[in-house]
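Chemist: the following comprises the amino acid sequence and a computationally predicted model.
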Amino acid sequence: MTAVLQVKDQVVTSEQIVGLLDRYQLLPRLLRELVIDQAIASIECTSEEIGLACQRVREQHQRNQPPVEPSGNLDALVTRDLKIQKLKQIVGGNKLESYFLKRKSQLDQVIYSLIRTQDVGVADELYFRIQAGEQSFAELAREYSQGPEAKTRGLVGPVELGGYHPTLARLLTVGRPGQLWPPTAVGNWLVIVRLEQRLPAQLDEATRQRLLDELLESWLQEQLSELGTVTTG
């Protein structure tokens, strides 16, 4: 048995290391990084690319107060990051536009007004007051809504619909600005909702990077699922 690590009186051998990584839930991260290293091994970066990236990192650290000197082997860290950025383009660049169209309904944002209550009578009364123009949505939300939106006079957003309750997301997806819905059951609540504004997702630089990250993650999960049993070999 070969000792690979010693912590005080404990010696960790090569035969034990995989079991310990698995016990402390570090093995998936190690495998992930190894798959990335293998994938980027043949990707090249120019000295100009590395130099510019190192300069950006140094400038970023200099903006900290107090200034912090980048730690570790900066060239190696920057080079690996550059290669990963290029890997994202290799894995997802050709799929990006179609993936954006697939994800667009979840990425679209909305601003809406919300009142929630668990009292059927109160919900009906508030809906009819808003519909008749007797009181504003904002006033009634501030007074009667039982969620945090009461503090914002019922206004919520902009928010993406991807992670929302399916019933609420469906209403806000198909509705038109200004549309008011009668009390609707959403989970344990009765909600009165009015769509204020829809903000369609755009394939801007921030969205591009987010989707490339998602595509890389999906690719990594496929690679990891194909790995066989890990041995100490």
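Modeler: That came through fine.

Chemist: so which strand or helix has the residue nearest the centre of the chain?
Modeler: The chain has residue 210 as the residue nearest its centroid, 7.7 Å off, counting by Cα atoms, centre = their mean. If you go by DSSP states H and E, residue 210 is part of helix 205-225.

Chemist: packing partners for that helix?
Modeler: helix 27-40, helix 74-92, helix 96-107 (3 or more Cβ pairs under 8 Å, 6 or more residues apart in numbering; DSSP states H and E). All C-beta spots, glycine's among them, are computed from the backbone N, C-alpha and C.

Chemist: buried deepest among those helices, which one?
Modeler: Counting by mean count of other Cβ atoms under 10 Å, helix 74-92 has the highest mean neighbour count of the helices and strands packed on helix 205-225, with a mean of 17.

Chemist: quick one, it and helix 27-40 angle?
Modeler: 80 degrees (axes from the mean of the first three to the mean of the last three Cα atoms, to 10 degrees).

Chemist: now the angle from helix 74-92 to helix 96-107?
Modeler: Computed by the same axes, to 10 degrees, the angle separating helix 74-92 from helix 96-107 equals 90 degrees.

Chemist: which residues touch helix 74-92?
Modeler: Helix 74-92 has contacts (Cβ atoms under 8 Å, 6 or more residues apart in numbering) with 36, 39-40, 43, 45, 49-50, 53-54, 57-58, 70, 99, 211-213, 215-216, 219.

Chemist: what number of residues lie near residue 218?
Modeler: Applying other Cβ atoms under 10 Å, we find 14 residues neighbouring residue 218.

Chemist: sorry, wrong one. I was asking about residue 9.
Modeler: 5.

Chemist: just checking, residue 130 touches residue 192?
Modeler: Yes. Using Cβ atoms under 8 Å, residue 130 makes contact with residue 192 at a distance of 7.0 Å.

Chemist: what residues do those two have in common as contacts?
Modeler: In contact with both residue 130 and residue 192: residue 180, using Cβ under 8 Å, 6+ apart.

Chemist: more neighbours, these two?
Modeler: Legend: neighbour count by other Cβ under 10 Å for residue 130 and residue 192, higher for residue 192 (26 against 21).

Chemist: need the residues that contact stretch 124-134.
Modeler: With Cβ under 8 Å, 6+ apart as the criterion, stretch 124-134 contacts 115, 117, 135-137, 140, 144, 180, 182-183, 192, 194.

Chemist: can you select the buried ones among those for me in ChimeraX?
Modeler: To isolate the buried ones among those in ChimeraX, judged by 16 or more other Cβ atoms under 10 Å, type:
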select :115,117,137,140,144,183,192,194
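
Chemist: buried ones in the helix holding residue 210?
Modeler: Within helix 205-225, the residues scored as buried using 16+ other Cβ under 10 Å are 207-208, 211-212, 215-216, 219-220.

Chemist: about what we covered before: now the helices and strands packed on helix 205-225 as JSON lines including mean pLDDT?
Modeler: Putting the helices and strands packed on helix 205-225 into JSON lines (pLDDT from 0 to 100) gives the following:
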{"stretch": "helix 27-40", "mean pLDDT": "94"}
{"stretch": "helix 74-92", "mean pLDDT": "94"}
{"stretch": "helix 96-107", "mean pLDDT": "94"}
